[in-house]
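Engineer: Give me a 3D structure for the following:
(one chain, ligands or ions: 1)
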Amino acid sequence: MTMTMRKILKLETFLLKLETPFMQSDRHLVNIALIGFMGTGKTSVGRLVADQLHFEYLDTDELIQTQTGRTITEIFAMDGEPVFRALEQKIVEELASRVKTVIATGGGLPVNPNNLASLKAHALVVSLWSSPEKIWERVRHQSHRPLLHDENPQAKIRELLAAREPFYKQADVLLNTDVRSVREVAQQVVHQFRLETSSRR
Ligand code: S3P
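Structural biologist: Okay, here's the model as predicted:
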């Protein structure tokens, strides 16, 4: 393990300790929500966590596509981003009645404070973090993300990631996925969820 990786892990442990005591006690944590930038592993981690906890797995983008009968790319192209963001908020509101569900969210969803507040009422919110380089490595051969249909997608990733960082950091738990396998990240999520839910009983 390199010095940088050790530093990142140390910082994460510190952040986990820092976050937990401040969690509001009026929250009813029956679900897990994964937030984070595109390509940070929300889908693969979410599926694994759901398997391990025997929870249902849902993805906000998939729900939007099912409800509208259109792909995310089509919605962006035909109606524009504001319409997509309104659909996202509606889905988040509907998710408030769920239990035992792992919810993987679209990368821009936590930028809307209503979404984060709504998720926090019923879910442990876990943010998956990655460096712009690692994100690019993971998304470069995929074409289904309209925001990356850009002349310079790498610059776009850096710009969006920097702008969204303050929102991702409002999660209950922050996990760096650059230095861990999908399995390790999933284990951490399950561990944090068990820790939080057992200390509240
Ligand atoms: C978006 C991320 C995508 C999808 C849409 C917009 C974003 O989800 O919601 O393309 O604003 O970052 P993933 O994070 O699952 O790729």
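Engineer: Every contact and neighbour count from this point should use C-alpha atoms.
Structural biologist: OK.
Engineer: Tell me the secondary structure at the residue nearest to the spatial centre of the chain.
Structural biologist: Centroid-nearest residue in the chain, with Cα atoms, centre = their mean: Ile35, separated by 1.4 Å. Three-state call for Ile35 (DSSP: H, G, I helix; E, B strand; the rest coil): strand.
Engineer: what's near enough to touch it?
Structural biologist: 42, 104-107, 109-110, 125-128, 168, 171 (Cα atoms under 8 Å, 6 or more residues apart in numbering).
Engineer: go on, Ser97?
Structural biologist: Contacts of Ser97 (Cα under 8 Å, 6+ apart): none.
Engineer: Looking at it now. What's its pLDDT?
Structural biologist: On pLDDT, Ser97 comes in at 97.
Engineer: my read is it is in a helix, agree?
Structural biologist: No. Secondary structure of Ser97 (three-state DSSP): coil, not part of a helix.
Engineer: Now go through the contacts of Ile35 and say which are in strands.
Structural biologist: Ala104, Val125, Val126, Ser127, Leu128 (DSSP state E).
Engineer: got a list of what Val185 touches?
Structural biologist: Val185 touches Val45, Leu175, Thr177, counting by Cα under 8 Å, 6+ apart.
Engineer: coming back round to it: out of the contacts of Ile35, which one sits closest to Ala50?
Structural biologist: Nearest to Ala50 among the contacts of Ile35 is Ala104, at 10.5 Å by Cα to Cα.
Engineer: The closest one contacts Glu62, correct?
Structural biologist: No. Counting by Cα atoms under 8 Å, Ala104 stays clear of Glu62, with 9.6 Å between them.
Engineer: quick one, which of these two is more surrounded?
Structural biologist: Ala104 (25 against 16; other Cα atoms under 10 Å).
Engineer: what residues does the protein put near the ligand?
Structural biologist: By Cα under 6 Å from any ligand atom, the part of the chain that sits against the ligand consists of Phe37, Met38, Asp61, Gly106, Gly107, Gly108, Arg145, Pro146.
Engineer: which of the residues you listed has the most neighbours?
Structural biologist: Neighbour-wise, the residues of the chain next to the ligand (other Cα under 10 Å) top out at Phe37, 26 neighbours.
Engineer: Excluding chain neighbours, what is closest to that residue?
Structural biologist: Gly107 (4.4 Å; Cα to Cα, 6 or more residues apart in numbering).
Engineer: same thing with Glu93?
Structural biologist: Leaving aside its sequence neighbours, Glu93 sits nearest to Ser118 (Cα to Cα, 6+ apart; 6.8 Å).
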